[in-house]
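Student: Sharing a model prediction with you, sequence too.
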Amino acid sequence: MTEYKCFSCNKIVTPEQMRKRVRCIYCGSKVLFKTRTIPKVVKAI
């Protein structure tokens, strides 16, 4: 599931909360970015 994070208040906003408009539901900011998952590093033997 894709999560977006607000650049201003740093809260997570789900795509379901952004269906009607692309703004943070907490502070009203228009600047949102996708959070990245940290990849696991696997060492080869």
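Tutor: Perfect, I can see it now. Numbering: from 1, shown residues only.
Student: neighbours around the closest residue to Pro15 other than its chain neighbours, how many?
Tutor: Take Pro15 and drop its neighbours on the chain: the residue closest to it by CB to CB, 6 or more residues apart in numbering is Thr2, 5.8 Å away. Bear in mind the C-beta positions are built from the backbone N, C-alpha and C, glycine included. Number of residues near Thr2 (other CB atoms under 10 Å) recorded here: 7.
Student: can you check Cys6 too?
Tutor: 20.
Student: Go ahead and confirm it touches Cys27.
Tutor: Yes. With contact taken as CB atoms under 8 Å, Cys6 and Cys27 are classed as touching, separated by 6.4 Å.
Student: How is Glu16 classified with respect to secondary structure?
Tutor: Three-state assignment for Glu16 (DSSP: H, G, I helix; E, B strand; the rest coil): helix.
Student: same question, the one 5 residues further on
Tutor: With three-state DSSP as the basis, the three-state label of Arg21 is coil.
Student: Enumerate the beta-bridge partners assigned to Tyr4.
Tutor: Val13, Lys34 (DSSP bridges).
Student: Next one: it relative to Val42, how far apart?
Tutor: 29 Å (CB to CB, to the nearest Å).
Student: And those two? Which one has more around it.
Tutor: Tyr4 (18 against 6).
Student: List the buried residues of the lowest-mean-pLDDT helix or strand in the chain.
Tutor: Lowest by mean pLDDT, DSSP states H and E among the helices and strands of the chain is strand 32-34, with a mean of 85. For strand 32-34, a neighbour-count test (16 or more other CB atoms under 10 Å) marks Leu32 as buried.
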